[in-house]
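*Asks:* Based on what follows, work out the 3D shape:
(one chain, ligands or ions: 2)
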Amino acid sequence: MINWDDLEHIHVIRKLREILSKWWHTEVFFADDRGYLRGTDPEKIKEYKNLVCNLVLQTERGSELLADYSRRCATSMKDHLDEKYQFIDWDMGLAGLAVPILIDKEFMGIVLAVGFFREGTRDKNSKILEDHLKKLNFSGQSIDEALGKIRVVNEEDLDHFIELVDLVAQEIMTFHTEIAAREERITELNKELGVRYRYDAMIGKSKPMQDVYALLDKIKNSESTVMIEGDNGTGKELIARAIHYNSSRKDKIFVTQNCSAFNENLLDSELFGHVKGSFTGAVKDKKGLFEVSDSGTFFLDEIADTSPSMQVKLLRVIQEGTFIPVGATSPKKVDVRILAATNKDLKTMVEKGLFREDLYYRLNVINIRVPALRERKEDIPLLAEHFLEKLAKERNEKKKILTKRALEKIFDYNWPGNVRELENEVERVVVLSGDEQKINVEMLSERIRNFGEKTKIQGVRVQGKLKDALEELEREMIREGLKRTGWNKSRLAKELGISRAGLIMKVDKYGLDKRKMLRKGEE
Ligand SMILES: Nc1ncnc2c1ncn2[C@@H]1O[C@H](COP(=O)(O)OP(=O)(O)OP(=O)(O)O)[C@@H](O)[C@H]1O
Ligand SMILES: [Mg+2]
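*Replies:* Numbering: from 1, shown residues only. Ligands and ions are numbered 1, 2, ... in the order given. Predicted coordinates for the structure are as follows:
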């Protein structure tokens, strides 16, 4: 719906009204789709420059007739959308011109310019009007003067006059469309606010991360064992911590153990503890990790690296909740929540007989797969920003800025080492940039700087899954095309032979949105 009251305040519309008043001595009104006059404040009549209009409107008959014509005009224009204008005979010989306001071929209302004579002789019309006004007891010098100002709109000026009134209608349409777009943007922004940018220490607002957050929320009150799977440096440990610190055990201990670091000989003792004198070197009682973790959370990192013998032992504790310390005679009972993480494909390891199936299912009650950074590219600028800020705080200096091109390079790189690699790179450039406030492409590591170049020359890979290769090609073509067309999506969609909507979806899928890519990088 058009906000009629706002129209008064729009500069262009005010200007046009002024011009119409000055050149044609008319007053301009608006009416909605049913023809009801809008934004016409009776108080404002006094401000009308056209005194005759003012006087006629003050009469009941004059104002009623205008309202009546306006309604009739609207009704007929609604039914004849191709009608460009309509004249109305108002009152006392005065005429009006109505122009439709159409938005997306929908009739929204009319613009009315009133207070002129239609073709004919001025003298005759003036006489009629003067008589009327006199009858209404309006008289005096000013009326004579006002009558003299009333214009006769004849054939020659018609086009010009209609064009001006139509401009008012055009402005209303533009204004309305702009407002609608702005409102849409506001709702969009509001929606974005609903998107979480972080979860505890985790940064990321991409869809895959939103899914992770949603899952973390869901398991907040759960005691289940969780398996966290993901590539190197994707943030598995951060997730394990988030699970613990959002659980009912948050005030209890969180113990992390890297399973690949276990000393096979001391395994039992480390996990379950020992009693004094149970073996050489056991000079006093020692609590094992399970006991230390009692009533807390025990995070078994790199679980795929556990030896077969340890797998058996783990299974037992997880199943029974009891263990016997080395050299002890009675079992101990513990209440430990287990979280495990791996960067290997554990399922395949199970299939190959490299990992116990029973243990796998015990651990994999809830599964969280952490997306690789290349699967959530839109988080890259956000993370880079985050690390720049973190470093600035740590180093007690002003936050450095990545130039647009540097950010583009960072964005394009495929980050096999994921967030950790990104964090290290940011730290490296911050240190190397010294006093320089801006971080430019030349400061980046060679592999990142040269990434795009090589892959493009070599072309698309010819091995692996066809779907992956096709997606890679698709992404490259769109990325390159966006740059080439200056992010003109309509043009690129045409070139690629897909719909604009289709392109927009793909841009979103591959995280190629310019705004998202460069939001943080544009100085
Ligand atoms: N979403 C994230 N937001 C902010 N920092 C992150 C995020 N993910 C990872 N990091 C940072 O990246 C580094 C690696 O994270 P983490 O140790 O949790 O990864 P990981 O998956 O356990 O890695 P690995 O497989 O090598 O053990 C840490 O410094 C961590 O703080
Ligand atoms: Mg880890």
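*Asks:* What is the neighbour count of the nearest residue to Asn440 once chain neighbours are set aside?
*Replies:* In this structure, Asn440 finds its nearest non-sequential neighbour in Thr403, 4.7 Å apart by C-beta to C-beta, 6 or more residues apart in numbering. C-beta coordinates here come from the backbone N, C-alpha and C atoms, glycine included. Neighbour count of Thr403, defined by other C-beta atoms under 10 Å: 17.
*Asks:* Check Tyr245 too.
*Replies:* When neighbours are counted by other C-beta under 10 Å, Tyr245 registers 14.
*Asks:* which ones are touching the residue in the stretch 51-200 of the chain that ligand 2 sits nearest to?
*Replies:* Across the stretch 51-200 of the chain, the shortest distance to ligand 2 (C-beta to the ion) belongs to Asp200, at 15.7 Å. Contact analysis of Asp200 by C-beta atoms under 8 Å, 6 or more residues apart in numbering lists Leu238, Arg241, Ala242, Tyr245, Asn246.
*Asks:* Check what pLDDT the second one gets.
*Replies:* In other words, Arg241. Reported pLDDT at Arg241 in the predicted model: 95.
*Asks:* Wait, it touches Tyr199, no?
*Replies:* No - judged on C-beta atoms under 8 Å, Arg241 makes no contact with Tyr199 at a distance of 10.8 Å.
*Asks:* sec struct for the residue of the stretch 151-300 of the chain found nearest ligand 2, please.
*Replies:* Nearest to ligand 2 in the stretch 151-300 of the chain, going by C-beta to the ion, is Glu237, at a distance of 4.2 Å. Following DSSP: H, G, I helix; E, B strand; the rest coil, Glu237 is assigned to helix.
*Asks:* Count the neighbours of the nearest residue to Tyr48 once chain neighbours are set aside for me.
*Replies:* Closest residue in space to Tyr48, ignoring its immediate chain neighbours: Asn54 at 4.5 Å, by C-beta to C-beta, 6+ apart. Other residues within reach of Asn54 by the criterion other C-beta under 10 Å amount to 19.
*Asks:* Can you verify Asn54 is assigned to a helix?
*Replies:* Yes - counting by three-state DSSP, Asn54 is part of a helix.
*Asks:* wait, what's in contact with the one residue in the stretch 351-500 of the chain that gets nearest to ligand 1?
*Replies:* Of all residues in the stretch 351-500 of the chain, the one sitting closest to ligand 1 is Val419 (3.4 Å; C-beta to the nearest ligand atom). Shown in contact with Val419 (C-beta under 8 Å, 6+ apart): Gly233, Thr234, Gly235, Leu373, Leu383.
*Asks:* And for Gly230?
*Replies:* Lys236, Ala341, Asn343, Arg369, Val370, Pro371, Ala372.
*Asks:* Show the buried residues in these.
*Replies:* Among the contacts of Gly230, those classed as buried by 16 or more other C-beta atoms under 10 Å are Lys236, Ala341, Asn343, Val370, Pro371, Ala372.
*Asks:* So which of the contacts of Val419 reach ligand 2?
*Replies:* When contact is defined as C-beta under 5 Å from the ion, the contacts of Val419 do not meet ligand 2 at all.
*Asks:* I'd like those written out as CSV, with pLDDT, distance to Phe175 and secondary structure added.
*Replies:* Output for the contacts of Val419, formatted as CSV (pLDDT from 0 to 100; distance: C-beta to C-beta, whole Å; DSSP: H, G, I helix; E, B strand; the rest coil):
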residue, pLDDT, distance to Phe175, secondary structure
Gly233, 96, 51, coil
Thr234, 97, 48, coil
Gly235, 96, 47, coil
Leu373, 94, 44, helix
Leu383, 96, 40, helix
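*Asks:* May I see those arranged in TSV, with neighbour count as well?
*Replies:* Shown next, in TSV, are the contacts of Val419 (neighbours: other C-beta atoms under 10 Å):
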residue	neighbour count
Gly233	21
Thr234	25
Gly235	24
Leu373	26
Leu383	22
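*Asks:* Now tabulate these in TSV and tack on distance to Phe323.
*Replies:* Below are the contacts of Val419 laid out as TSV (distance: C-beta to C-beta, whole Å):
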residue	distance to Phe323
Gly233	33
Thr234	32
Gly235	31
Leu373	39
Leu383	40
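*Asks:* Now flag whichever of the residues you listed is closest to Lys205.
*Replies:* Nearest to Lys205 among the contacts of Val419 is Leu383, at 10.3 Å by C-beta to C-beta.
*Asks:* Any figure for the gap between the closest one and Gly204?
*Replies:* According to C-beta to C-beta, to the nearest Å, Leu383 stands 7 Å off from Gly204.
*Asks:* next one: Leu94
*Replies:* Look at Leu94 and Gly204: by C-beta to C-beta, they are 67 Å apart.
*Asks:* same question, Leu466
*Replies:* The gap separating Leu466 from Gly204 is 30 Å, by C-beta to C-beta.
*Asks:* between these two, which one's more packed in?
*Replies:* Ranked by neighbour count (other C-beta under 10 Å), Leu466 and Gly204 place Gly204 first, with 25 against 7.
*Asks:* May I have the residues that are in contact with the residue nearest to that one when sequence neighbours are not counted?
*Replies:* Distances taken as C-beta to C-beta, 6+ apart place Asp379 nearest to Gly204, at 4.2 Å, with adjacent residues excluded. By C-beta under 8 Å, 6+ apart, Asp379 lies in contact with Ile203, Gly204, Lys205, Ser206, Met209, Leu373.
*Asks:* Now with 10 Å, please.
*Replies:* Residues in contact with Asp379 (C-beta atoms under 10 Å, 6 or more residues apart in numbering) are 197, 202-206, 208-209, 371, 373, 386, 419, 422, 511, 516.
*Asks:* and if you look at Tyr510?
*Replies:* Residues in contact with Tyr510 (C-beta under 10 Å, 6+ apart) are Lys377, Glu378, Glu471, Glu472, Glu474, Arg475, Glu476, Ile478, Arg479.
*Asks:* Please, which helix or strand holds the closest residue to ligand 2 within the stretch 401-523 of the chain?
*Replies:* Using C-beta to the ion, the single residue of the stretch 401-523 of the chain nearest to ligand 2 is Arg420, 8.7 Å away. Taking DSSP states H and E as the definition, one finds Arg420 inside helix 418-432.
*Asks:* follow-up on the earlier one: now the common contact residues for Leu383 and Gly204.
*Replies:* Common neighbours of Leu383 and Gly204, using C-beta under 10 Å, 6+ apart, are Gly235, Leu373, Arg376, Val419.
*Asks:* Tell me which two of the residues you listed sit farthest apart.
*Replies:* Largest separation among the shared contacts of Leu383 and Gly204 by C-beta to C-beta: Gly235 and Arg376, giving 11.0 Å.
*Asks:* Overlap of the contact sets of these two?
*Replies:* Residues touching both Gly235 and Arg376 by C-beta under 10 Å, 6+ apart: Gly204, Met209, Val212, Val370, Leu383.
*Asks:* how far away is Glu130 from Phe116?
*Replies:* Relative to Phe116, Glu130 is positioned 16 Å away (C-beta to C-beta).
*Asks:* meant to ask about Ala242, not that
*Replies:* Noted for Ala242: a distance of 73 Å to Phe116, by C-beta to C-beta.
*Asks:* Neighbour count: these two, which is higher?
*Replies:* Between Ala242 and Phe116, Phe116 has the larger neighbour count (other C-beta under 10 Å), namely 26 against 19.
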